[in-house]
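Undergrad: predicted model follows, preceded by the sequence.
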Amino acid sequence: MADYSIWVLEYSYVTKYHKSGVLYGAHNQGYVKLPYCYALIKGKNHVAMVDVGYNNKEYGKALGDKFGVENWHAPKEVLAGVGLTPADVDTVFISHAHFDHFGNVEDFPKATFYIQEREITKWVWAMSLPDRLRWMMVAVDPGDIIRGVDLARQKRLVCIDGTRENILPNIDLHVAYDSHTYGSMWVHVRNDGKPQSSDAWALAGDLVYVFENIEGPGAVVDVDQMYVPVGLAVGSQENLVLATEAMMKSVGYEARRVIPVHEERLKDRFPSRITADGLRISEICLADGEKSRVR
Amino acid sequence: MPSSGRDMLDRAALVHRWDCPAVAEPALSEPDVAEIDAAAAATLRRPYDALRRLIGQAAGLLVLAQASQRREIMDLPAIAVAREQWREVSGTLAELSAPRGCERQVENLIRAARLIGACLDALEASADHETADVSLALERVAAAYRLVQLCSIDKLGMTMVDFRQSCCNCGPLTARA
């Protein structure tokens, strides 16, 4: 029995991203394709998303011209690939406040958004620091926070503090403080509805970028595999590794059940297809009675 | 300061206050830009960035006030910090002599600073009410954002979001070579 379907929906990509950005210590090891994606969860009369992508109207040209970000498509076009519209989305979990995750809230007119309170409080603090500490405030657009104010005014933004169980039926939110960001959040879907689920999925946000963050090479310490944190974090690599352990524990240490949305090779583990727009849909799991959107 | 506000920021695990001696001494070098841009950079970049960051602080405080509906938000030291930094940048702008060709930008930055001050006024005034209503403050900070955004000069690093070193987006220019 599975209550929820989960898809990872690509909405843009960078064809050549430096590998050291996604894998700590991978210097001079070339580039990887970095898809930009959000996750969609459907079931129990809910349509939820993990993150909403970036606002192409504001940043599209800059990202395209300067950094080679390609093929951005709006949520309306991307969600059509699984037969849905942005207006169908009732819940959005914001894994963190970076512009490419929290930047497109206006495209989801009926959704209630959830974000960790500390992601906001510590952002306020970081923005009060001098210029030379600017590294601690990168990648967050004050404009996105302003749009967050408007959501809050409409009672569509909820700040939570720490773990929240059953935010939707059998879906839990967990926090990894001072890791990729100050209040990064991951989403735990218990698809069999049991507290100790044997059919659980962890949607990792940017706590994990690629498979090697979970199944990294361990020869240097004489083990087959070990966790290797992502390359970019305002918090600590220690906290990233501990968050990886928490996610792995939540899925019974079955690595394929921790979903990194920036991983191009999801297609090697899950059924997928490329849409007419040249973007990938990866089908992580299907609820009972739900039809495949990739076959 | 009432303990509730302090508790809230304790959860933010502060390491350095904004005025901690470890971080308070200015030490930034200006970017290497063409001479014609140098005057604009020297004059505009710091107040631009100060306003950009004040907008972020104000917007974050408004989110917390509105989403939590907790009066303890008004006890946050971050509000006093924002007010002090606002006074500082307002003073800088008042004494600033606009480089030729940059008069409009300076005018917009001054207007943005006034709006941010008004936003902070509205935020503080909301402490007098049982429930927070940030509509007026939101309107002002959003207007300030638009004015500062108009002053952005990408090649001088004056952008509303800092893409450098940011996660999951910035294949550097060299990556495209």
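TA: Alright, I've got the coordinates.
Undergrad: helix or strand: which one has residue A:201?
TA: For residue A:201, the host element (DSSP states H and E) is strand A:200-203.
Undergrad: who does that strand touch, helix- and strand-wise?
TA: Contacts defined by 3 or more CB pairs under 8 Å, 6 or more residues apart in numbering or on different chains; DSSP states H and E place strand A:200-203 against strand A:183-190, helix A:237-250, strand A:258-259. Where you see a C-beta, it was placed from the backbone N, CA and C, and this is true even at glycine.
Undergrad: right, and the helix or strand after it?
TA: Counting by DSSP H and E, the next helix or strand C-terminal to strand A:200-203 is strand A:216-217.
Undergrad: mean confidence score for that next one?
TA: Average pLDDT, strand A:216-217: 90.
Undergrad: what lies in contact with that strand?
TA: For strand A:216-217, the external contacting residues (CB atoms under 8 Å, 6 or more residues apart in numbering or on different chains) are A:23, A:225-228.
Undergrad: can I get those residues in a markdown table with neighbour count, pLDDT and distance to chain B?
TA: Converted to a markdown table, the contacts of strand A:216-217 look like this (neighbours: other CB atoms under 10 Å in any protein chain shown; pLDDT from 0 to 100; distance: CB to the nearest CB, whole Å):
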| residue | neighbour count | pLDDT | distance to chain B |
| --- | --- | --- | --- |
| A:23 | 22 | 91 | 13 |
| A:225 | 13 | 93 | 23 |
| A:226 | 15 | 95 | 22 |
| A:227 | 20 | 96 | 18 |
| A:228 | 23 | 95 | 16 |
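Undergrad: from the residues you listed, which ones fall inside strands?
TA: Among the contacts of strand A:216-217, the members falling in strands (DSSP state E) are A:225-226.
Undergrad: so what's residue A:14 bridging to?
TA: Note on residue A:14: beta-bridge partners by DSSP bridges are residue A:34, residue A:69.
Undergrad: okay, the residue of the stretch 101-250 of chain A at minimum distance from chain B: pLDDT?
TA: Among the residues of the stretch 101-250 of chain A, residue A:139 lies closest to chain B, at 3.2 Å counting by CB to the nearest CB. As predicted, residue A:139 sits at a pLDDT of 76.
Undergrad: helix/strand/coil for it?
TA: coil (DSSP: H, G, I helix; E, B strand; the rest coil).
Undergrad: next, the buried residues of the biggest helix by length in chain B.
TA: The helix that spans the most residues within chain B, counting by DSSP state H, is helix B:35-68. By 16 or more other CB atoms under 10 Å in any protein chain shown, the buried positions in helix B:35-68 come out as B:40-41, B:43-68.
Undergrad: next: stretch B:83-93.
TA: B:83, B:85-86, B:89-90, B:93.
Undergrad: what pLDDT, on average, does it get?
TA: Throughout stretch B:83-93, pLDDT has a mean value of 96.
Undergrad: do that stretch and chain A meet?
TA: Yes: Stretch B:83-93 reaches chain A (CB under 8 Å from any CB of the partner chain) through residue B:85.
Undergrad: list the contacts of that stretch.
TA: Contacts of stretch B:83-93 (CB under 8 Å, 6+ apart): A:128, B:18, B:46-47, B:50-51, B:53-54, B:57, B:106, B:109-110, B:113-114, B:116-117, B:120.
Undergrad: format the helices and strands packed on strand A:200-203 as a markdown table; extra columns: mean pLDDT, mean neighbour count and distance to residue B:101.
TA: Shown next, in a markdown table, are the helices and strands packed on strand A:200-203 (pLDDT from 0 to 100; neighbours: other CB atoms under 10 Å in any protein chain shown; distance: least, CB to CB, whole Å):
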| stretch | mean pLDDT | mean neighbour count | distance to residue B:101 |
| --- | --- | --- | --- |
| strand A:183-190 | 98 | 27 | 42 |
| helix A:237-250 | 97 | 19 | 46 |
| strand A:258-259 | 98 | 26 | 51 |
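Undergrad: which one of these lies closest to residue B:151?
TA: strand A:183-190 (30.3 Å; CB to CB).
Undergrad: identify the residues contacting that closest one?
TA: Against strand A:183-190 from outside (CB under 8 Å, 6+ apart): A:4, A:6, A:39, A:41, A:50, A:93-96, A:114-120, A:122, A:170-177, A:197, A:199-207, A:235, A:243, A:247, A:250.
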